[in-house]
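>>> Quick one, fold the following:
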Amino acid sequence: MASGTKFSFPGSTAGAGQVALDRFAEMMIDRMEQMKSSDWKQGWIGGANGYSGLPQNVGGRNYSGSNSFFLQLHTAAKGYQLPVYLTFNQAHNLKAHVLKGEKSFPVVYWDMLVKDKNGRKISSDEYKAMTREEKKNLDVIPFVKAFPVYNVDQTNLREAQPERVQKLIDKFKVPELRDTQGMYAHTALDRMIREQSWLCPIQVDKRENGAYYSPSRDIVVLPMKAQFNTGSTPKEVYRDGMEFYSTMLHEMTHSTMTPERLNREMGGKFGDPKYAKEELVAELTAAMISHSMGFDSKVTDNSAAYLDSWISVLKKEPKFIVSIMSDVNKASDLILDHVDKQRLALGEQPYLAKNDPWLPPDPNEEIPFKNAAIIKTRSGDYAIRASYDGVDLGLKPIEKSTARTYFQLTDMKDKEAFLNMTARKQYHSEIAGISRSTSKSLSM
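So this is what the prediction gives:
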């Protein structure tokens, strides 16, 4: 957003967006209540089922933030095989359908209402086309929207598209990796430690009584991996390896909070409300990433001590989950970006679809253009402008009839879909050139 733009947050979020947030808060409260039980062994999300990967839509694009976490939670709770979801229309486009009686799950996203100083409503197209200077002194009111999705197990996609579903199963299948001591091993995280390629040093070569991140020294300190090897059976020893990596991810999350990184506030001592919030961010980030890697992490003693206070806050203010999951989204994205660099170096598939240079475009998916807009030029003609993957694609002329159709659409989703379709058609050669350039640079 432009600097100088004023933001307002309404007292309540109406409609499907608020219903979705309330449902997320209820799910989190239910899970915390379950975790208070002395025999709870499944961690935040639930035991992994032999499949790994972040939730995605059927076209391959990852969900982020609260959507990613709660889709993981929903997938585990319902016992679905894969964390892959699609809309009713996407199922229809793939010659499939939602099974009778199946209930949808909400996916949320932020939209905004923009007004000028006189209270006149500014359309999203006008806003996108404005310069930084023109955006100053505008009132921007963000609000939450939601749309329904279904897991692939709630559809007949397996029968309608068996090859597509088999590719998804192959993609999410977890290879079992064991090191010489029988503990779980993660090659990309091991390489990150070996190459010291995280944002700060990670110390793992000395015996320590506990794990921590030191802001003053800007270092993550972990006990040696062998210190986690406390199980009495091969299965327990294997699980001990997972605990080492989930602890590492927890402390790595804390290291993203510094002002020059993600700039989160943290209280100075155990029990401080800001400290409690930071602990929840670290716990959920580690849980989400661990689950996407094919395993679940235990609930730490620190976090268990905060369960009652977190439940109380969520009951009083369900929208607290928005703030938490926003931080989780940013931290997990930053961590997975660095992990993906290691996976690419090892010849492995990255976790984030955006980092996969070999992911083919899906004909049913719209290309995620940025700053796209259809505008009227000084000559009276029409043109489209957009950027893609950080590259400004410039202005391209379009037919007057295309522009007229676009401006006549009243539904924002229809307008966005039409805009992306037009951009994909107009910038086809430019996008192909960018993709070739990216693949070439990664292979060198």
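>>> quick one: the helices in the stretch 1-150 of the chain?
For the stretch 1-150 of the chain, applying DSSP state H, counting those that start in this stretch gives helices covering 16-35, 65-78, 88-93, 124-129.
>>> Figure out the helix or strand that the spatially most distant residue from the centre of the chain lives in.
Relative to the C-alpha centroid of the chain, counting by Cα atoms, centre = their mean, residue 379 is the outermost residue, at 42.6 Å. Using DSSP states H and E, residue 379 is not contained in any helix or strand.
>>> Would you mind giving me the confidence score for it?
On the pLDDT scale, residue 379 is placed at 84.
>>> With residue 8 instead?
pLDDT, read off for residue 8, is 35.
>>> Residue 200 is in contact with residue 218, isn't it?
Yes. The pair residue 200 and residue 218 qualifies as a contact (Cβ atoms under 8 Å) at a distance of 4.6 Å. C-beta coordinates here come from the backbone N, C-alpha and C atoms, glycine included.
>>> Need the overlap of contacts for these two.
Any residue near both residue 200 and residue 218 by Cβ atoms under 8 Å, 6 or more residues apart in numbering counts here, and that gives residue 255.
>>> For these two, indicate the residue with more neighbours.
Applying other Cβ atoms under 10 Å to residue 200 and residue 218 shows that residue 200 carries more neighbours, namely 17 against 14.
>>> Can you name the residues that contact the nearest residue to residue 182 once chain neighbours are set aside?
Closest residue to residue 182 apart from its sequence neighbours, by Cβ to Cβ, 6 or more residues apart in numbering: residue 237 at 4.7 Å. By Cβ under 8 Å, 6+ apart, residue 237 lies in contact with 181-183, 229, 231.
>>> The closest residue to residue 113 other than its chain neighbours - how many residues pack around it?
Taking Cβ to Cβ, 6+ apart, and ignoring the residues beside it in sequence, residue 113 has residue 141 as its nearest neighbour in space, at 4.3 Å. Residues near residue 141, counting by other Cβ under 10 Å, number 14.
>>> for residue 373, same thing?
18.
>>> Tell me which helix or strand residue 374 sits in.
Using DSSP H and E, residue 374 falls in strand 370-376.
>>> From the contact counts, what lies against that strand?
Applying 3 or more Cβ pairs under 8 Å, 6 or more residues apart in numbering; DSSP states H and E, we find strand 370-376 packed against helix 124-129, strand 382-388, helix 400-408, helix 412-426.
>>> Give me the residues contacting the shortest one.
Read that as helix 124-129. Contacts with helix 124-129, where a contact means Cβ under 8 Å, 6+ apart, come from 112, 114, 135, 138, 371-375, 412, 415.
>>> Which residue in these has the weakest pLDDT?
residue 412 (70).
>>> First-to-last residue distance for stretch 93-100?
Taking Cα to Cα, to the nearest Å, stretch 93-100 runs 18 Å from one end to the other.
>>> residues of that stretch that come out buried?
94, 96, 98 (16 or more other Cβ atoms under 10 Å).
>>> Which of these sits closest to residue 321?
The closest of those to residue 321 turns out to be residue 98 (Cβ to Cβ; 27.0 Å).
>>> give me every residue that touches the closest one.
With contacts taken as Cβ under 8 Å, 6+ apart, residue 98 has the following neighbours: 88, 91, 150, 154-155.
>>> Could you identify the most distant pair in those?
The distance between the two most remote of the contacts of residue 98 (Cβ to Cβ) is 10.5 Å, for 88 and 154.
>>> Who has more neighbours out of these two?
Just comparing residue 88 and residue 154: by other Cβ under 10 Å the higher neighbour count belongs to residue 154, 20 against 15.
>>> you'd agree that one is up against residue 105?
No. Using Cβ under 8 Å, residue 154 makes no contact with residue 105, being 9.0 Å away.
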